[in-house]
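Sequence plus the predicted model coming up.
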Amino acid sequence: MKITTKLISAAFIAALSLPAQTPYKMAVVGLVHSHVWGHIDKMVKGKDVTLVGVAEPNPALQEEAKKSGVAPELISADYLKMLDEKKPDLIWAFVENNRHLEIIEAAAARKINVIFEKPLASTWKDSLKIREIATKAGIKVMCNYQMAWWPANYTARNMASAGELGQVYRLHGVVGHGGPGSEGVRNGAFFAWLTDPVKNGGGALMDFGCYNALWSLWYLGRPETVYAHVNHLRPSVFPKVEDNADLMLGYKNGVGLFEGSWDLPRSYQDLDVFGLKASVHMKNGSVEKQEGRDRKAVDIAPLAPEDAEPIAYMVSRMRQNKPIEGMTALDINVDVIEIIEAAKESIRTGKAVVMAPRK
């Protein structure tokens, strides 16, 4: 078929006549979770959303937001007033974990979709209530994890799901670093609540145990037993909470062994997945498969643009009216907090906790 200039011109005119999609309005609630500083630039640039407000009562953090490119007129102290005035379609909350229930109540009343920075809540009770409120209001809730946007994470799991490793029976995850710092405005605000057992819901157990619990659920499902052990190795630095936490999640035909620590010599977010046939070692940027003595790097497939970062994913789900799925979904993250709650009980009693069957 011969393509003429006339046909090309007609196609171009038709493309120009398609209605442009208006970006959703997005607001940020809170700046005390330090992960915000890695995302706010994308919000300011406004590719997938238009930033309409940032609410944070701390004047020093407000100044930090301005340094990150947020226009001064978008910054306010009262998030409820901001929600009513700016009427965002979506908010991303970077507040203390124990305030997530408060935020979902405000958002649900106004039919606003929500992204929470991990974890979903400080307690299992709150996580259940968050799900109940969101479901009743018909709003989308996403729980953001850094590793949810790593192509390597999906390459490794796809290999396991495809049977390349044989029956997966053992997971070993290490997540952590040398501990949160307290220097500077941003770190100081983060440290103040992250090391508070009520506002955070724990110390390293909550901070990094949530990653580990999520991995275990993603690969093996809900465990039958939860055993946890914690250490308070640096009480002078972390006087209120544990700085090292280990989990053993028991399954009928498998086990998850996980370490979460603020006492490591470098940053880790590594996972080993063992099958009866082979294993993979995954970390951000690489996957290595071992079968017998043969060890080789695995090619990593890139993620689709709408699956490659949190804002683009949430916007795609909203536009298509599709549910949040996978690692950032509501149900799996309620289960994450259930595991952390069981871990706390195990620490209290010194015994493994048997998970109650689903009703």
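Structure's in. What do you need? Everything numeric here is computed off the predicted structure, so don't read it as measured data.

Just the CA trace of the longest helix along the chain, in PDB.
Using DSSP state H, we find that the single longest helix of the chain is helix 330-349. C-alpha atoms of helix 330-349 as PDB (Å, rounded to 0.1, in the frame of the first residue of the first chain):
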ATOM      1  CA  LEU A 330      -3.700  -2.800  49.900                       C
ATOM      2  CA  ASP A 331      -4.400  -6.400  50.800                       C
ATOM      3  CA  ILE A 332      -0.800  -7.600  50.700                       C
ATOM      4  CA  ASN A 333       0.300  -4.600  52.800                       C
ATOM      5  CA  VAL A 334      -2.400  -5.300  55.400                       C
ATOM      6  CA  ASP A 335      -0.800  -8.800  55.600                       C
ATOM      7  CA  VAL A 336       2.600  -7.200  56.000                       C
ATOM      8  CA  ILE A 337       1.500  -5.400  59.100                       C
ATOM      9  CA  GLU A 338      -0.200  -8.600  60.400                       C
ATOM     10  CA  ILE A 339       3.200 -10.300  60.200                       C
ATOM     11  CA  ILE A 340       5.000  -7.400  62.000                       C
ATOM     12  CA  GLU A 341       2.300  -7.600  64.700                       C
ATOM     13  CA  ALA A 342       2.900 -11.300  65.100                       C
ATOM     14  CA  ALA A 343       6.600 -10.700  65.300                       C
ATOM     15  CA  LYS A 344       6.100  -8.300  68.200                       C
ATOM     16  CA  GLU A 345       4.100 -10.900  70.000                       C
ATOM     17  CA  SER A 346       6.900 -13.500  69.300                       C
ATOM     18  CA  ILE A 347       9.400 -11.000  70.800                       C
ATOM     19  CA  ARG A 348       7.300 -10.500  73.900                       C
ATOM     20  CA  THR A 349       6.800 -14.300  74.500                       C
END
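
Can you list the strands that the following helix or strand past it pairs with?
For helix 330-349, the following helix or strand on the C-terminal side (DSSP states H and E) is strand 353-354. Applying DSSP bridges, strand 353-354 is found paired with strand 225-231 (antiparallel).

Buried ones in the partner strand, by neighbour count?
T225, V226, Y227, A228, V230 (16 or more other Cβ atoms under 10 Å). Any C-beta I mention is one placed from the backbone N, CA and C, and that applies to glycine too.

what do you get for stretch 304-311?
For stretch 304-311, by 16+ other Cβ under 10 Å, it's D307, E309, P310, I311.

Between the two ends of that stretch, what distance do you get?
13 Å (Cα to Cα, to the nearest Å).

next one: stretch 313-329
12 Å.

what's the offset of that stretch from the middle of its chain?
Stretch 313-329 has its C-alpha centroid displaced from the chain centroid by 14 Å (Cα atoms, centre = their mean, to the nearest Å).

what residues does that stretch touch?
The contact list for stretch 313-329, computed with Cβ atoms under 8 Å, 6 or more residues apart in numbering, reads 21, 24, 48-49, 89-90, 113, 115, 140-145, 147-149, 153, 214, 218, 306-307, 310, 330, 332.

Filter the residues you listed down to just the ones in helices.
N153, L214, W218, P310, L330, I332.

Looking at the residues you listed, which one is closest to G176?
L214 (14.8 Å; Cβ to Cβ).

can you pull the buried residues of stretch 158-177?
M159, A160, L165, V168, R170, L171, H172, G173, V174, V175, G176, H177.

Leaving out sequence neighbours, find the closest residue to M43.
Leaving aside its sequence neighbours, M43 sits nearest to L51 (Cβ to Cβ, 6 or more residues apart in numbering; 4.4 Å).

related to what we said a few turns ago, out of the buried residues of stretch 158-177, which two sit at the greatest distance?
L165 and H177 (28.2 Å).

Domain-wise, how is the chain divided?
As given by automatic domain parsing, the domain ranges for the chain are 21-146, 147-304+329-354.

Could you provide those in JSON lines, with additional columns for mean pLDDT?
Shown next, in JSON lines, are the domains of the chain (pLDDT from 0 to 100):
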{"stretch": "domain 21-146", "mean pLDDT": "97"}
{"stretch": "domain 147-304+329-354", "mean pLDDT": "97"}
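
Same list (those domains) but as TSV, adding distance to Q320.
Compiled in TSV, the domains of the chain are given as follows (distance: least, Cβ to Cβ, whole Å):
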stretch	distance to Q320
domain 21-146	11
domain 147-304+329-354	13
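
Quickly find the element holding G178.
Going by DSSP H and E, G178 is not in any helix or strand.

count of neighbours near it?
Counted by other Cβ atoms under 10 Å, the residues lying close to G178 total 12.

show me what contacts it?
With Cβ under 8 Å, 6+ apart, G178 has these contacts: W262, D263, L264, P265, R266, S267.

How about N187?
S34, P180, G181.

What residues sit buried inside the longest helix of the chain?
In helix 330-349, counting by 16+ other Cβ under 10 Å, buried: 330, 332-344, 346-347.

Okay, helices next: where are they in this structure?
Using DSSP H, helices in the chain cover 5-17, 40-45, 59-67, 79-86, 100-109, 124-137, 151-161, 184-194, 204-220, 310-320, 330-349.

So which of these is the most surrounded?
Highest mean neighbour count among the helices of the chain (mean count of other Cβ atoms under 10 Å): helix 204-220, with a mean of 26.

still on that earlier bit, turn the buried residues of strand 225-231 into TSV, columns for distance to A352.
Output for those, formatted as TSV (distance: Cβ to Cβ, whole Å):
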residue	distance to A352
T225	5
V226	7
Y227	4
A228	9
V230	15
